[in-house]
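> No letters, just coordinates:
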Ligand code: PLP
């Protein structure tokens, strides 16, 4: 029996009775009923009521090539018929993860050439945490095991992901994080820059917070620094261009590994294959997932730099870590076909030279002046709109996040899916958006803001 045999009401009732959702207040969900998305095509999603909604979030920051790509369905179908599953344990391998690992090594920064697969970003960060601590143990420095992260960072929701992340409500529920992880300030100028401080100066000061934490702990105790090049779930917080090169310099100075979490920024969103390239840095690990398959299959890839890989291979023995679905042949086949599409259609270049700049200009010219908007910002095709009560003083509305939820709901009703995080509206559209799609999205944002006034 397919879902078409059920009414919307029935599906909502079954959903409420049996389905526990991620990051959801289930009491609220039961009262409101969920929005059931039934199909999608190109940049649009369609709900069970037949509403067509422009997807300003690319699903959950992942459907970079848009919906309805037969090529990806066919890649999965072919692989499922030929070899639906075999593992990469016990000295076995299958062709698609092998070819995908090679392809990723070619796309990544020069010193990053090895890949460890998983099924989600959280899993990949779990691997990354274990790997960097294992690296230092293999180097004879097991006490060099602390990780520095940032407040408000999001690195997933497994125990390791939550502990690496800096989201207070998540930590509270965890009831005990993985030890030896500390959090420093985020590089968010709109809220944290001092009066008169330039963007450049603020970026250096935010990087200095990393140095201070290293010095305070003692460099001989610090394994790595981890950060999202642009904080995503925390509200598309874009650091000044001075921040990352300075963080990299500090990490090298104290022999601390640099871990980038590119689960959102990887595979074109910033106008380069990886944001590491946008900011001109060479990390030791890069966590990726989401757009690797454009969300058509669950797959993550932890890209591992030569320094760590060399030690792992030469001194490592067995690394007691791995997942049944690591290097899943079907997911890897879909990833290869997805990378083909991104390359063939020149989507990365399009973000860099056409839609990214146009998106920035549209936000500035059409949204920034609205009475409810404190700031707009974007990088490539990820953007944010800060909702404020008072533009001049930057005073927020009461009840953190409530105003943004009102705007978001008006936006969805006007035909644009976007996300509200705290007082921030977030956009992260598929990379297939054109100038016309950006114009259409802006029409709908303006309408939603006007309705919320
Ligand atoms: N890291 C970052 C930066 C993310 O944005 C996310 C998810 O949004 C994750 C890790 C976790 O990925 P997943 O939800 O696939 O476990």
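That came through fine. Everything quoted here is computed from the prediction, not taken from an experiment.
> Make sure residue 39 is indeed in a strand.
Yes - per DSSP: H, G, I helix; E, B strand; the rest coil, residue 39 lies within a strand segment.
> what residues does the chain put near the ligand?
120-122, 125, 154-156, 161, 228, 232-233, 261, 263-264, 289 (C-beta under 6 Å from any ligand atom). Where you see a C-beta, it was placed from the backbone N, CA and C, and this is true even at glycine.
> Closest one to the ligand out of those, please.
Closest to the ligand out of the residues of the chain next to the ligand is residue 121 (2.3 Å), distances taken as C-beta to the nearest ligand atom.
> Counting neighbours, what do you get for the closest one?
29 (other C-beta atoms under 10 Å).
> And the pLDDT at it?
On pLDDT, residue 121 comes in at 98.
> do the same with the one 10 residues further on
What the model reports as pLDDT for residue 131 is 98.
> element containing it?
For residue 131, the host element (DSSP states H and E) is helix 121-138.
> For the next helix or strand after that helix, which helices and strands make contact with it?
Going down the chain from helix 121-138, the next helix or strand is strand 146-150, by DSSP H and E. Contacts defined by 3 or more C-beta pairs under 8 Å, 6 or more residues apart in numbering; DSSP states H and E place strand 146-150 against strand 181-184, helix 199-217, strand 222-227.
> got the buried residues for the helix holding residue 131?
Across helix 121-138, burial judged by 16 or more other C-beta atoms under 10 Å covers 121-129, 131-138.
> how far does stretch 189-199 sit from the chain's center?
25 Å (C-alpha atoms, centre = their mean, to the nearest Å).
> Tell me which residues of that stretch come out buried.
Buried positions in stretch 189-199, judged by neighbour count with 16+ other C-beta under 10 Å: 189, 190, 193.
> mind listing which of those residues are in strands?
Among the buried residues of stretch 189-199, no residue falls in strands (DSSP state E).
> possible to save these as TSV with pLDDT?
Converted to TSV, those look like this (pLDDT from 0 to 100):
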residue	pLDDT
189	96
190	95
193	97
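> now, which of those residues sits nearest residue 8?
The nearest member of the buried residues of stretch 189-199 to residue 8, counting by C-beta to C-beta, is residue 190 at 40.4 Å.
> Quick check: closest non-adjacent residue to that closest one.
Spatial nearest neighbour of residue 190, chain neighbours left out: residue 375 (5.1 Å); criterion: C-beta to C-beta, 6 or more residues apart in numbering.
> What are the phi and psi values at that neighbour?
Dihedral pair for residue 375: phi -160, psi 150, per degrees, to the nearest 10.
> Surely it is in contact with residue 387?
No - using C-beta atoms under 8 Å as the test, residue 375 is too far from residue 387 to be in contact (9.8 Å).
> Give me the more crowded residue out of these two.
Taking other C-beta under 10 Å, residue 375 and residue 387 do not tie; residue 387 has more neighbours (26 against 17).
> Run through the bridge partners of that one.
When bridges are called by DSSP bridges, residue 387 pairs up with residue 373.
> Contacts only, for it.
372, 373, 374, 396, 397, 403, 404, 407, 423, 424, 425 (C-beta atoms under 8 Å, 6 or more residues apart in numbering).
> Closest one to the ligand out of those residues, please.
The nearest one, if we look at the contacts of residue 387 relative to the ligand and count by C-beta to the nearest ligand atom, is residue 424, at 14.4 Å.
> What about that closest one, how many residues nearby?
As a burial measure, residue 424 scores 21 neighbours (other C-beta under 10 Å).
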